[in-house]
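Enquirer: can you look at this prediction? I've put the sequence above it.
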Amino acid sequence: MRGQCRRGVKVFLASLAAAVFLSGCKSEIPIVSEIRESKAYTMPQSMIVVATERNRYQQLYTSQIWGVELPEGQTFEVYLVEQVREFLHEMKRLNLLAGSRGITLNGGEKEEARKAAEEYFASLTEEDISYMGVTEEDVRIMYEEYCLSNKVVEELTKDLNLEISDSEAKVIEVDQIVLSDRAAAEEVLLEAQAEGADFQALAREYSEEGVTQRKMGRGEAPGPGEEAAFSLSVGEISSVVEENGKYYIFRCVNDYDEEATQERKAGLYRERKKEAFDQIYSQFKEEKPVVFNSEMWKDVKFSKEDKTTTTNFFEIYKKYFSD
């Protein structure tokens, strides 16, 4: 929610949760070999996340948001509760997966969860505690479960070859002129190649697209245009390149944007890691299906009369557990 869990700890739990709304970013439950009902979280434990997300949205949009109807005819209140429920179910399934692989929290991680729970519980008002019905033990359990759901991703992908090279992630910056007529493009190219020509000024004058300067990541849009742009050194101008009925002229501004490349490299690594983990996780869900009792969710309602204000469950988590 708003990339909630503050994109969590920037791990895949946010991506795995339905609609990936919590960023950010799952207690020993027996593994089952056939569909059966399995206990997920208690209402107070679930309400920690419910309250966190309710209050974040209410701070942004006021309590009027709970009556807003979405295109499908569903109220935003119902939608948000459903998304929290899916998030918690995914967290529990990840804990089941951890149990099946013998992955557990070590003593240090449990101690950090305890300290996080102590800090979070101390931050709650009487109204928060009354709204959630929560104890410090409930908070500790949820921090441990969230930590383990993140840890299982790391443990099951740590030995995979997920390396991304700088070349693969490379980002460059170019000026561009885009025209719909080849003859016109060839004439503009001659002007651009003239001594002392101002390519940017020509782009502003002739280009039929508003964007005259752009960053390009290798592999983002494979084709003649990308190939031509990546072959240039700083200051070089390409020939006229045809792609999808348009005619492009590129001038290289930066043939290696280091900061953008490293940022993209990290993003590609996360994507590759998620894809690798998704294969493991999808197979596990098929082999070990679990149905969760959803009766308790029917009573979750939001009201402007609710006095809860807590919003920092995931922020406190990040203080004790690094990305």
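Expert: Perfect, I can see it now.
Enquirer: what comes up buried for the longest helix seen in the chain?
Expert: The helix spanning the most residues in the chain, taking DSSP state H as the definition, is helix 258-287. Within helix 258-287, the residues that qualify as buried by neighbour count (16 or more other C-beta atoms under 10 Å) are 260-261, 264-265, 268, 270, 272-274, 276-277, 280-281, 284. No exception for glycine: its C-beta is placed from N, CA and C like everyone else's.
Enquirer: ok, now stretch 175-194?
Expert: Within stretch 175-194, the residues that count as buried by 16+ other C-beta under 10 Å are Asp175, Gln176, Ile177, Val178, Leu179, Ala185, Val188, Leu189, Glu191, Ala192.
Enquirer: show me those residues that map onto strands.
Expert: Counted as lying in strands by DSSP state E, out of the buried residues of stretch 175-194, are Asp175, Gln176, Ile177, Val178, Leu179.
Enquirer: and the furthest pair within the residues you listed?
Expert: Distances among these were taken as C-beta to C-beta; the most separated pair is Asp175 and Leu179, at 14.1 Å.
Enquirer: closest one of the ones in strands among the buried residues of stretch 175-194 to Cys252?
Expert: Comparing every one of those with Cys252 (C-beta to C-beta), the shortest separation belongs to Asp175, at 8.2 Å.
Enquirer: so that closest one bridges to which residues?
Expert: Gln213, Arg251 (DSSP bridges).
Enquirer: please begin residue numbering at 46 from this point
Expert: With the count now opening at 46, the last piece we talked about shows up as Asp220.
Enquirer: residue contacts, Ser91?
Expert: Ser91 sits next to Ala85, Val129, Arg130, Leu133, Met341 when contact means C-beta atoms under 8 Å, 6 or more residues apart in numbering.
Enquirer: could you say which helix or strand holds it?
Expert: Counting by DSSP states H and E, the element that carries Ser91 is helix 88-106.
Enquirer: that helix - what's its average pLDDT?
Expert: On average, the pLDDT along helix 88-106 is 94.
Enquirer: next structured bit after that helix?
Expert: On the C-terminal side of helix 88-106, the nearest following helix or strand under DSSP H and E is helix 121-145.
Enquirer: packing partners for the next helix or strand after that following helix?
Expert: Once the chain leaves helix 121-145, the next helix or strand it forms, by DSSP H and E, is helix 152-168. Helix 152-168 makes packing contacts with helix 181-202, helix 358-365 when contacts are defined by 3 or more C-beta pairs under 8 Å, 6 or more residues apart in numbering; DSSP states H and E.
Enquirer: quick check, Tyr292 in contact with Gln221.
Expert: No. With contact defined as C-beta atoms under 8 Å, Tyr292 does not reach Gln221; the gap is 10.7 Å.
Enquirer: re earlier: next, the angle helix 121-145 makes with the longest helix of the chain.
Expert: With axes from the mean of the first three to the mean of the last three C-alpha atoms, to 10 degrees as the criterion, the two stretches helix 303-332 and helix 121-145 enclose an angle of 80 degrees.
Enquirer: so the residue of the chain most remote from its centre is in which element?
Expert: Centroid-distance maximum for the chain: Glu240 at 47.3 Å, with C-alpha atoms, centre = their mean. Assessed by DSSP H and E, Glu240 sits outside every helix and strand.
Enquirer: quick check: the gap between it and Val126.
Expert: Distance of Glu240 to Val126, computed by C-beta to C-beta, to the nearest Å: 67 Å.
Enquirer: hang on, Ser284 packs against Glu231?
Expert: No. Applying C-beta under 8 Å, one finds Ser284 not in contact with Glu231, separated by 9.0 Å.
Enquirer: Ala85: what secondary structure?
Expert: Secondary structure state of Ala85, per DSSP: H, G, I helix; E, B strand; the rest coil, is coil.
Enquirer: neighbours of the residue nearest to it when sequence neighbours are not counted, how many?
Expert: If you skip the residues right next to it in sequence, Ala85 has Phe337 as its closest partner in space, 4.5 Å away by C-beta to C-beta, 6 or more residues apart in numbering. By other C-beta atoms under 10 Å, the residues close to Phe337 number 16.
Enquirer: just to be sure, Thr353 is in a strand?
Expert: No. With three-state DSSP as the criterion, Thr353 is located in coil rather than a strand.
Enquirer: tell me the pLDDT at it?
Expert: On the pLDDT scale, Thr353 is placed at 95.
Enquirer: give me the number of residues near it?
Expert: Neighbours around Thr353, by other C-beta under 10 Å: 21.
Enquirer: what of Lys160?
Expert: Residue crowding around Lys160 was assessed by other C-beta under 10 Å; the count is 15.
Enquirer: could I get the contacting residues of it?
Expert: Taking C-beta under 8 Å, 6+ apart as the test, what Lys160 contacts is Tyr365.
Enquirer: now stretch 320-332, how far from the centre of its chain.
Expert: 18 Å (C-alpha atoms, centre = their mean, to the nearest Å).
Enquirer: check stretch 153-167 too.
Expert: From the chain centre to the centre of stretch 153-167 is a distance of 25 Å (C-alpha atoms, centre = their mean).
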